[in-house]
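**Student:** Fold the stuff below for me.
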Amino acid sequence: MDELARYARWDGAGRPFAVVTAPRPRPGAGELLVKIDLATVCGSDVHTVEGKRPGPAPAVLGHEQVGTVVEAGAGAPARAGQRIVWSVTRSCGKCDRCRRDLPQKCLHLHKYGHEPLDETRPLTGGFATHCLLGPGTAVAEVPAEVPDEVAAPAACATATVMAAVAAAGEIGPGDRALVTGAGMLGLTATAVLAESGAHVVAADPDPARLEMAHRFGAKEVMTSSAAVRDIEVAIELSGAAAAVGDALASLTIGGTLVLAGSVFPGPAVAVDPERVVRGLLTVTGVHNYRPADLRAAVAFLAAHHRRYPFAELVAGRYPLDRLGEAFRDTTAPRRGVAP
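**Tutor:** This next block holds a predicted model:
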């Protein structure tokens, strides 16, 4: 049995990745050692590497991946041989926020792919041959028929979308839903809303993305949402200030706006409080997700990945020593990394 692991060390913006060999750890109580079958490069990884998003360096990046459990410690949430995805976050389960059902904002939160490198326990990100999962990490078993390219994004993109749609409340057949931003999350949200029976309007300035949005169930597509009205549910995933304002303006009486794309600093957006009050509007934010959202993500992909072209959203299977090329590839919303 190979007792070594490898990981890609990121040393900061403008510096290349370095592939490092390390001893393969044995999991302790509640821990899982997982062999990574495929990881995907998330947009936040790209922003970190480009210096547009703060992140510790050195670090092992990557937080979207699917893998197979190699070894399980006592009391771990999975067993050897299971194919799983796992949550971006690990929570203590005991602090005030965890007790308030906000484990994704745990006071002692650990985020895979976002932690400073600890050379004594370096396997904390997806761009590695293995990842050591600690206690408090939510996992979901992935059915064999779901391809790696479909499963890996469940750990971030798909689960975040499931959290955003859940935050929107009940969505019924015929409800008009607006999705702003037709990247990985927006296309996924379009499919989830379409399956609920909603009439989905997708907005993005990129015509190629809008063409793909049709394939994911959008009934209408447009390069701007400025003139869209009579929307029951709007899910904003671009992070653009103008799109946030347009989405709020689109809501009908009793409408809900879910903000999930504004994860980086930007200009403030004006809000007319009288319109919010008289319109009975709801505005809510989603960041990270709960364990139930991860399970819902895997269930949705298992049920619908043949109907919608999720596999086409991931390009390539780059080895670790070509990780830099994966970050430069722009042919698809996600690039695959096969450690």
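**Student:** In the stretch 101-250 of the chain, what residue spans correspond to helices?
**Tutor:** Per DSSP state H, counting those that start in this stretch, the stretch 101-250 of the chain carries helices over the ranges 148-151, 157-167, 184-195, 207-215, 241-250.
**Student:** what would the ones you listed look like in TSV with distance to residue 87 and mean pLDDT?
**Tutor:** C-beta: built from backbone N, CA, C; applies to glycine. Shown next, in TSV, are the helices of the stretch 101-250 of the chain (distance: least, C-beta to C-beta, whole Å; pLDDT from 0 to 100):
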stretch	distance to residue 87	mean pLDDT
helix 148-151	14	98
helix 157-167	7	98
helix 184-195	17	98
helix 207-215	27	98
helix 241-250	27	98
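**Student:** Make CSV out of those and add mean neighbour count and distance to residue 113.
**Tutor:** Output for the helices of the stretch 101-250 of the chain, formatted as CSV (neighbours: other C-beta atoms under 10 Å; distance: least, C-beta to C-beta, whole Å):
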stretch, mean neighbour count, distance to residue 113
helix 148-151, 24, 17
helix 157-167, 26, 13
helix 184-195, 27, 16
helix 207-215, 17, 25
helix 241-250, 21, 26
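**Student:** could the ones you listed go into TSV alongside distance to residue 91?
**Tutor:** Compiled in TSV, those are given as follows (distance: least, C-beta to C-beta, whole Å):
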stretch	distance to residue 91
helix 148-151	22
helix 157-167	14
helix 184-195	22
helix 207-215	34
helix 241-250	29
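**Student:** ok but residue 7 is inside a strand, no?
**Tutor:** Yes: according to DSSP: H, G, I helix; E, B strand; the rest coil, residue 7 belongs to a strand.
**Student:** Return the residues in contact with the closest residue in space to it that isn't next to it in sequence.
**Tutor:** Take residue 7 and drop its neighbours on the chain: the residue closest to it by C-beta to C-beta, 6 or more residues apart in numbering is residue 128, 3.6 Å away. Contacts for residue 128 (C-beta atoms under 8 Å, 6 or more residues apart in numbering) come out as 5-8, 36, 60, 62, 122, 320, 339.
**Student:** Show the pLDDT at residue 52.
**Tutor:** Reported pLDDT at residue 52 in the predicted model: 89.
**Student:** Next up, the contacts around it.
**Tutor:** Here residue 52 is in contact with residue 264 (criterion: C-beta under 8 Å, 6+ apart).
**Student:** What subset of the contacts of residue 128 is buried?
**Tutor:** The neighbour count (16 or more other C-beta atoms under 10 Å) marks 5-8, 36, 60, 62, 122, 320, 339 as buried among those.
**Student:** closest to residue 303 among those residues?
**Tutor:** residue 36 (24.7 Å; C-beta to C-beta).
**Student:** Can you get me a residue count around the nearest residue to residue 58 once chain neighbours are set aside?
**Tutor:** Nearest residue to residue 58, sequence neighbours excluded (C-beta to C-beta, 6+ apart): residue 117, at 4.2 Å. Using other C-beta atoms under 10 Å, residue 117 has 19 neighbouring residues.
**Student:** Could you report the pLDDT at residue 117?
**Tutor:** 98.
**Student:** Kindly report the same for residue 265.
**Tutor:** Value for residue 265, per-residue pLDDT: 85.
**Student:** With residue 1 instead?
**Tutor:** 46.
**Student:** what's downstream of the longest helix along the chain, the next helix or strand?
**Tutor:** Longest helix of the chain, by residue count under DSSP state H: helix 291-304. The C-terminal neighbour of helix 291-304 among helices and strands, as given by DSSP states H and E, is strand 314-318.
**Student:** So which other helices or strands are in contact with that following strand?
**Tutor:** Counting contacts by 3 or more C-beta pairs under 8 Å, 6 or more residues apart in numbering; DSSP states H and E, strand 314-318 is packed against helix 323-328, strand 334-337.
**Student:** could the ones you listed go into a markdown table alongside mean pLDDT, mean neighbour count and distance to residue 44?
**Tutor:** Below are these laid out as a markdown table (pLDDT from 0 to 100; neighbours: other C-beta atoms under 10 Å; distance: least, C-beta to C-beta, whole Å):
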| stretch | mean pLDDT | mean neighbour count | distance to residue 44 |
| --- | --- | --- | --- |
| helix 323-328 | 97 | 17 | 12 |
| strand 334-337 | 98 | 25 | 12 |
